[in-house]
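Student: Need the 3D shape of this:
(one chain, ligands or ions: 2)
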Amino acid sequence: MDTIAAISTPSGEGGIGIIRISGSKALKIADKIFKGKIKPGLAKTHTIHYGKIIDNTGKKIDECLLMIMLKPHTYTTEDTIEINIHSGIVPLRNILETVLKNGARLAEPGEFTRRAFMAGKIDLIQAEAVLDIIQAKSEKALTMAINQLEGKLSDHIKKLKNKLLKIITNLETDIEFSEEEIKIQNISPMLKEVQQSINKLLISSKQGKLLKEGVTFTLIGKTNVGKSSIFNSLLGKEQAIVTKYPGTTRDTIEAWVDIKGLPLKLIDTAGLMTTNNPMDMAGQQRTQKAIRESDGILFIFDATKAVTKGDIHLLTSIKDKKVICIFNKCDLPHQKIVIKNFNSPFLSVSALNGTNIDLILKSISKLVILDNIPPLVSKIRHIETLEKANLSIKKAISGMKNLTPECLAYEIKEASTCLSELTGEITNEIILNQIFSEFCIGK
Ligand SMILES: Nc1nc2c(ncn2[C@@H]2O[C@H](COP(=O)(O)OP(=O)(O)OP(=O)(O)O)[C@@H](O)[C@H]2O)c(=O)[nH]1
Ligand SMILES: [Mg+2]
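Tutor: Residues are numbered from 1 along each chain as shown. Ligands and ions are numbered 1, 2, ... in the order given. Below you'll find the predicted structure:
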């Protein structure tokens, strides 16, 4: 296999930049380009050495710390060298070029992790967890990814697969040896048990997806009700322009906040109005698009004004979304407003003096967080594969009386194949390429 190399740290200026080399030629390359007290080829594994990196003409590129990690106890399971240098675009690029000139090739995205997977050090679920750790948007998403990397989901799937294999063996023994009526009803409780476990995983996946991808809430309402003021208060900074003039916001403005581990995307929008002005019309279209694409709505009202029929009409049109009605400007004299026949939470707030602003985030997390059980599944690939497995098990359970044992065994094998695809025991190039192409080069 080729020896691969890449810059593993983000591009740009920084304290330290790392170039990683993995493969059988890693040590030879290090011997050629590193000058220090010791020759890397003679050094002990998992040691760090101070020295300098030189190019092929013998010119010093930078001083460095060289990490030597010999197989098999490395990330890729191959000999690995990591060169820590000052992180600047030019030294990193020059050293990488020197490494490539001396026998390595540039790594593809995710290729280091792919090698760990190919060597059987981690399974596919764990490889995907590496990417999830890098991309985690919140503490909870990170915890979920770490659990996945530690093998919690993989172990669960392997146990389910073993149960299915046991059922298949039972069935096949029956098919081959039994002269009597096959006792397939014995497998029914076992199959139902597996189905229940898969269902549990799928139910928790809704929560898992939410924690991983976050949730989007859009602030809507008439012009001048205080949407941008509330948006800024929730962010804790003056991101959107606020003026006393109606129609201040025309574009949609997006920002992320973290509510106790849940990543929340907030979108401030242009106030709802009827208009012939092309600029305002474009703003209105963006507001409508944001409404369509969000999970929930913060419907902002001016508490000093009466709720109109138009407001009620709009509320009804978005009732499939999670809606929180917020009456702003409660610092001014106002009447208690109630919207009849509407099941959304109501809040009375003041963006001006901060009253009840914290309740908005609490209401959002109450609306979207289902329970406190840490979910195991969050990826679309995992959800779809589990659903496929579930379908085969369902077919087997419902066909228990009429299907032949061969057909039953076929369905259960299909389900077991799905679980093998999940962990990567069975896989194909297209799926692998798809998964690893999402990684950055150098991971
Ligand atoms: N008294 C009082 N005034 C507020 C409050 N919140 C916002 N305002 C004022 O209301 C006016 C409009 O606020 P914005 O936040 O720009 O309202 P908006 O809904 O974003 O307006 P558009 O972008 O025009 O749709 C500004 O003068 C704010 O200072 C509040 O809680 N109390
Ligand atoms: Mg605004």
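Student: Residue of the stretch 251-400 of the chain nearest ligand 1, please.
Tutor: For the stretch 251-400 of the chain and ligand 1, the shortest gap (Cβ to the nearest ligand atom) falls at Gly271, measuring 2.7 Å. C-beta coordinates here come from the backbone N, C-alpha and C atoms, glycine included.
Student: And that residue, how close does it get to Cys330?
Tutor: If you measure Gly271 against Cys330 using Cβ to Cβ, to the nearest Å, the figure is 19 Å.
Student: These two: which has the busier surroundings?
Tutor: Set side by side, Gly271 and Cys330 show unequal neighbour counts under other Cβ atoms under 10 Å, the larger going to Gly271 at 24 against 20.
Student: ok, and the closest non-adjacent residue to that one?
Tutor: Thr223 (2.9 Å; Cβ to Cβ, 6 or more residues apart in numbering).
Student: Thr275 is in contact with that neighbour, correct?
Tutor: No. The pair Thr223 and Thr275 fails to qualify as a contact (Cβ atoms under 8 Å) at a distance of 9.9 Å.
Student: Which of the two has more residues huddled nearby?
Tutor: Here Thr223 and Thr275 are set side by side on neighbour count (other Cβ under 10 Å), and the busier one is Thr223, at 17 against 14.
Student: OK, contacts around that one?
Tutor: Shown in contact with Thr223 (Cβ atoms under 8 Å, 6 or more residues apart in numbering): Pro246, Gly247, Thr248, Ala270, Gly271, Leu272, Met273.
Student: Highest neighbour count among these?
Tutor: Scoring those on neighbours with other Cβ under 10 Å, the highest-scoring entry is Ala270 at 28 neighbours.
Student: one step back: the residue of the stretch 251-400 of the chain closest to ligand 1 contacts Gly221, correct?
Tutor: Yes. Under the criterion of Cβ under 8 Å, Gly271 is in contact with Gly221, at a separation of 6.5 Å.
Student: Need the overlap of contacts for these two.
Tutor: Both Gly271 and Gly221 are contacted by Lys227, under the criterion Cβ under 8 Å, 6+ apart.
Student: thinking again about what came up before, relative to ligand 2, how far out is the residue of the stretch 251-400 of the chain closest to ligand 1?
Tutor: Using Cβ to the ion, to the nearest Å, we find Gly271 at a distance of 6 Å from ligand 2.
Student: Just give the closest residue to Cys440, not the sequence neighbours.
Tutor: Distances taken as Cβ to Cβ, 6+ apart put Pro109 closest to Cys440, at 6.1 Å, once the chain neighbours are dropped.
Student: Centre-most residue in this structure?
Tutor: Nearest to the geometric centre of the chain sits Lys212, at 4.2 Å (Cα atoms, centre = their mean).
Student: give the contact list for that residue.
Tutor: For Lys212, the contact set (Cβ under 8 Å, 6+ apart) comprises Asp132, Ala136, Lys137, Ala141, Met144, Ala145, Ser378, Lys379.
Student: same deal with Leu65?
Tutor: Shown in contact with Leu65 (Cβ under 8 Å, 6+ apart): Ile48, His49, Tyr50, Ile83, Asn84.
Student: wait, is Ile68 part of a strand?
Tutor: Yes. Note on Ile68: a strand contains this position according to DSSP: H, G, I helix; E, B strand; the rest coil.
Student: That one contacts Gly41, correct?
Tutor: No. In this structure, Ile68 is not within contact of Gly41 by Cβ under 8 Å, at 9.1 Å.
Student: if I look at these two, which residues touch both of them?
Tutor: Leu27, Ala30.
Student: More neighbours: which of these two?
Tutor: Taking neighbours as other Cβ under 10 Å, Ile68 and Gly41 compare with Ile68 leading, 24 against 12.
Student: Spatially nearest residue to that one (excluding sequence neighbours)?
Tutor: On the basis of Cβ to Cβ, 6+ apart, the spatially nearest residue to Ile68 that is not a chain neighbour turns out to be Ala43, at 5.0 Å.
Student: Helices of the stretch 51-200 of the chain, start to end?
Tutor: Counting by DSSP state H, counting those that start in this stretch, the stretch 51-200 of the chain forms helices over residues 89-101, 111-118, 124-135, 139-149, 152-177, 187-213, given from the N-terminal end onward.
Student: Ile230: which of the ones you listed is closest?
Tutor: For these, the distance to Ile230 is smallest for helix 187-213, at 22.7 Å, taking Cβ to Cβ.
Student: how about the residues of the stretch 251-400 of the chain that lie near ligand 1?
Tutor: Within the stretch 251-400 of the chain, the positions lying close to ligand 1 (Cβ under 6 Å from any ligand atom) are Gly271, Asn328, Lys329, Asp331, Leu332, Ser350, Ala351, Leu352.
Student: Give me the neighbour count for Phe217.
Tutor: Using other Cβ under 10 Å, Phe217 is surrounded by 26 other residues.
Student: and it, which of the three is it?
Tutor: Here Phe217 is strand, with the state taken from three-state DSSP.
Student: Same question for Thr316.
Tutor: Classification of Thr316 into helix, strand or coil gives helix, according to three-state DSSP.
Student: Mind pulling up the pLDDT for the residue nearest to the centre of the chain?
Tutor: The confidence metric pLDDT takes the value 79 at Lys212.
Student: returning to that earlier point: can you list the contacts of Leu65 in JSON lines and add neighbour count, pLDDT and distance to Thr98?
Tutor: Below are the contacts of Leu65 laid out as JSON lines (neighbours: other Cβ atoms under 10 Å; pLDDT from 0 to 100; distance: Cβ to Cβ, whole Å):
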{"residue": "Ile48", "neighbour count": "12", "pLDDT": "98", "distance to Thr98": "20"}
{"residue": "His49", "neighbour count": "17", "pLDDT": "98", "distance to Thr98": "17"}
{"residue": "Tyr50", "neighbour count": "12", "pLDDT": "98", "distance to Thr98": "18"}
{"residue": "Ile83", "neighbour count": "27", "pLDDT": "98", "distance to Thr98": "10"}
{"residue": "Asn84", "neighbour count": "19", "pLDDT": "97", "distance to Thr98": "15"}
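Student: hang on, the earlier thing: just name the closest of the contacts of Lys212 to ligand 1, please.
Tutor: Proximity of these to ligand 1, judged by Cβ to the nearest ligand atom, is greatest for Lys137, which lies at 26.0 Å.
Student: If anything else comes up later, I'll come back, but that's it for now.
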